[in-house]
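Q: below is the structure, and that's it, no one-letter string:
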């Protein structure tokens with residue numbers, strides 16, 4: 001089933017536990033990064049701090065999506081989850097610039113690193129990040145917000161594993177350049193993991209058809225309905241990271257209004273395409289509709 005659907009459960013507890021664990025780990029990692037003179041640890045601490053911000057943004061947006069619509073916000077506050085995902089991705093991409101800058105400086109001027117300290121602190125990071133990712137695993141396929149939290153935590157677990165490996169190699173070889181090299185690896189991981197989130201969040205913010213929904217298939221389904229001769233003014237967009245809306249005009253000459261048909265169409269759009277909020281306007285003559293031309297919004 002394509003599109004975005006309502007997540008099966010609230011993740012307030014997961015957000016609370018994940019935020020507390022990562023905030024505590026950020027403090028530990030920053031202190032030991034300074035003591036061990038490791039840019040890799042400091043870079044990862046900065047990244048984890050941005051993840052804490054991301055978790056808080058996603059948590060706040062998840063809470064807002066559950067608020068009831070108002071006379072001013074008639075669609076509710078679901079779009080806050082889209083804004084949170086977009087801001088989260090943007091903050092992460094900005095942060096990697098600072099990490100890369102410092103890492104390149106360390107490549108040119110390597111500095112001593114306490115490999116043992118780096119290794120053990122990063123090992124704790126594997127447990128913290130993997131555990132947090134597990135908390136969000138159940139919702140990663142249903143909500144862009146939850147998927148962003150899951151991907152960041154899972155990537156961080158992998159990054160921490162890379163830091164452990166680099167610390168072991170530094171201890172065995174004495175190659176100080178491995179520390180900034182791992183930092184650049186962190187940059188690559190963040191960019192790769194964040195780019196898809198940024199692209200999809202930006203598309204949703206621009207009211208694009210959500211990924212996973214085939215607009216042509218939806219139009220074909222509507223056009224094949226009994227008595228329908230044309231479909232126009234079809235719009236599909238995300239109300240939130242979990243709910244998709246549709247509006248369309250269908251032309252049914254001489255058929256009149258059929259409430260049972262409209263009710264069945266709304267249910268089938270939800271079941272087949274994941275579109276949970278459908279508004280269909282029935283017309284007898286599409287030529288009289290000023291919104292009929294494809295280039296008119």
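A: Ah, there it is. Keep in mind the model is a prediction, meaning the values are calculated, not measured.
Q: which residues of the protein fall in helices?
A: 12-36, 39-65, 79-108, 115-135, 144-173, 178-205, 215-223, 259-273 (DSSP state H).
Q: contact partners of the last one?
A: By C-beta atoms under 8 Å, 6 or more residues apart in numbering, the surrounding residues in contact with helix 259-273 are 1-3, 213-214, 217-218, 221-222, 225-226, 244, 246, 275-276, 278, 280, 282. C-betas here are computed from N, CA, C, even on glycine.
Q: show me just the buried residues among those residues.
A: 2-3, 213, 218, 221-222, 225, 244, 246, 275-276, 278, 280, 282 (16 or more other C-beta atoms under 10 Å).
Q: what's the neighbour count on residue 198?
A: As a burial measure, residue 198 scores 18 neighbours (other C-beta atoms under 10 Å).
Q: list the contacts of the nearest residue to it once chain neighbours are set aside.
A: Nearest residue to residue 198 in three dimensions, chain neighbours excluded: residue 89, at 3.7 Å (C-beta to C-beta, 6 or more residues apart in numbering). Residue 89 makes contacts with 148, 194, 197, 198, 201, as judged by C-beta under 8 Å, 6+ apart.
Q: check what pLDDT the third one gets.
A: In other words, residue 197. Looking at residue 197, its pLDDT stands at 82.
Q: the residue of the chain positioned farthest from its centre: what's it in contact with?
A: Using C-alpha atoms, centre = their mean, the residue of the chain lying farthest from its centre is residue 254. It sits 45.7 Å away. By C-beta under 8 Å, 6+ apart, the residues touching residue 254 are 227, 284.
Q: and it, how far from residue 73?
A: Distance check for residue 254 against residue 73: by C-beta to C-beta, to the nearest Å, it reads 39 Å.
Q: before we move on, what about residue 212?
A: 26 Å.
Q: and residue 41, by the same measure?
A: For residue 41, the distance to residue 73 - C-beta to C-beta - is 43 Å.
Q: which one of the two has more residues nearby?
A: residue 41 (31 against 14).
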